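>>> build me a model:
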Amino acid sequence: MRRIWSRLRRVGWKWRLLLLVVVIAIGVAVVAPSVYYLLRARDAPDYSEILPKATMTYLVSYDSGEGLVNESTYTLKVAETDVAIGSDTCFYTVTVMDPLPERKANAIIVGSTKVTLATEEIWRSQEDFRILRQEAMQVNLPIINTAITVSIYSGYDGYPGWPYSIGDSWTYEVFRDTDTSLKPSWTDTYHAEVVADDAVVVAADVNYECFKVVHTQVDTDNSTPGGGGVGSTRVEYWANNGRSIAPLKIESTASFIGTESLIMIDADPPPGSW
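Have a look, this model is predicted:
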């Protein structure tokens, strides 16, 4: 320390001033982002006052394969119908999570991190059930505190509409943008295929015949995908007896490290009758 002080005394005042400016600039660059993200802490929206037009409740299980295991209940509410997204008419759903689930996700620098999910909002075509927009909030994140990721679904190529048929296949892209400069936006590409039209799912003690649809991630420009990345899948089971607001069952390795499973335990109206 004495050597450093002695050298500083020998340099001119202009150099000392420049060094001081550099130190202050580095301090601001390090501290300012942390203060900014701390001050912008946001609570999850309260959806308790929404009187839904339809609901579907899931038991959600998660196993990271790295020691993080938990269960939650998700209640999907149709909050609005006839919402315009471009030229499409959509129904808008919100998801209430209880308790807020924890997940493991890949992350820059640290390798992986634990995140807490708070909300999910989806705009889905009323005509053919394509997802067009999705917003998801995560809370209790390292450094950035909270983050909202907006996902825009587009480029549906070969989409057959509803109802599906075995052998149907299509591709689509999802542009994802998180409201933090620490995570650049990225685009994922998926291939979907209907591999069965009579898969049996037992949900809420009822046997349903379902379309089984496998969504496989085939490309991404994200250097650190949160989940399994290219080759990971999201498998959806849709009741084939009519229109439902969402799949009865979902199994996914695409969004987070490990496997997330959802199974419908209640619905109003029942699947196939919406």
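
>>> surely residue 220 meets residue 229?
Yes - using CB atoms under 8 Å as the test, residue 220 is close enough to residue 229 to be in contact (6.3 Å). Where C-beta positions appear, they are placed from N, C-alpha and C, glycine not excepted.

>>> helices and strands around the helix or strand harbouring residue 171, which ones?
Here residue 171, judged by DSSP states H and E, is contained in strand 169-178. On a contact count with 3 or more CB pairs under 8 Å, 6 or more residues apart in numbering; DSSP states H and E, strand 169-178 meets strand 145-157, strand 186-203.

>>> for residue 70, which of the ones you listed is the nearest?
strand 145-157 (19.9 Å; CB to CB).

>>> now do the buried residues in the closest one.
By neighbour count with 16 or more other CB atoms under 10 Å, strand 145-157 contains the buried residues 145, 146, 147, 148, 149, 151, 153, 156.

>>> then stretch 129-147?
For stretch 129-147, by 16+ other CB under 10 Å, it's 129-134, 136-139, 141, 144-147.

>>> and the strand holding residue 171, average pLDDT?
The average pLDDT for strand 169-178 rounds to 97.

>>> strand partners (parallel or antiparallel) of it?
strand 145-157 (antiparallel), strand 186-203 (antiparallel) (DSSP bridges).

>>> starting at the chain centroid, how far to it?
Mean-position distance between strand 169-178 and its chain equals 12 Å (CA atoms, centre = their mean, to the nearest Å).

>>> over to stretch 234-254?
With CA atoms, centre = their mean, you get 17 Å for stretch 234-254.

>>> end to end on it, go ahead and measure it.
Start and end residues of stretch 234-254 are separated by 6 Å (CA to CA, to the nearest Å).

>>> cool, and stretch 100-115?
10 Å.

>>> report the buried residues of that stretch.
101, 102, 103, 104, 105, 106, 107, 112, 113, 114, 115.

>>> can you list the strands that the helix or strand containing residue 61 pairs with?
Per DSSP H and E: residue 61 is located in strand 55-63. Strand 55-63 pairs in its sheet with strand 69-85 (antiparallel), strand 259-268 (antiparallel), by DSSP bridges.

>>> buried sites along the longest one?
It stands for strand 69-85. Applying a neighbour-count criterion of 16+ other CB under 10 Å, one finds 72, 74, 75, 76, 77, 78, 79, 83 buried in strand 69-85.

>>> quick check: residue 170 touching residue 155?
No - judged on CB under 8 Å, residue 170 makes no contact with residue 155 at a distance of 9.8 Å.

>>> low pLDDT regions in the stretch 1-150 of the chain?
1-42, 109-110 (pLDDT under 70).

>>> okay, and the beta partners of residue 93?
Beta-bridge partners, per DSSP bridges, of residue 93: residue 78, residue 122.

>>> likewise for residue 216?
Beta-bridge partners, per DSSP bridges, of residue 216: residue 191, residue 233.

>>> ok, it - contacts?
190, 191, 192, 193, 231, 232, 233 (CB atoms under 8 Å, 6 or more residues apart in numbering).

>>> ok so, going back, now, among the buried residues of strand 69-85, which is nearest to residue 182?
residue 72 (26.8 Å).

>>> without its sequence neighbours, what residue ends up closest to the closest one?
Leaving aside its sequence neighbours, residue 72 sits nearest to residue 101 (CB to CB, 6 or more residues apart in numbering; 4.3 Å).

>>> isn't the one you found up against residue 115?
No - with contact defined as CB under 8 Å, residue 101 does not reach residue 115; the gap is 9.4 Å.

>>> residue 182: which element?
Element membership of residue 182 [criterion: DSSP H and E] is none; it lies in no helix or strand.

>>> so the spatially closest residue to it that is not a sequence neighbour versus residue 118, what's the distance?
Nearest non-adjacent residue to residue 182, counting by CB to CB, 6+ apart: residue 144, 6.0 Å away. According to CB to CB, to the nearest Å, residue 144 and residue 118 sit 14 Å apart.
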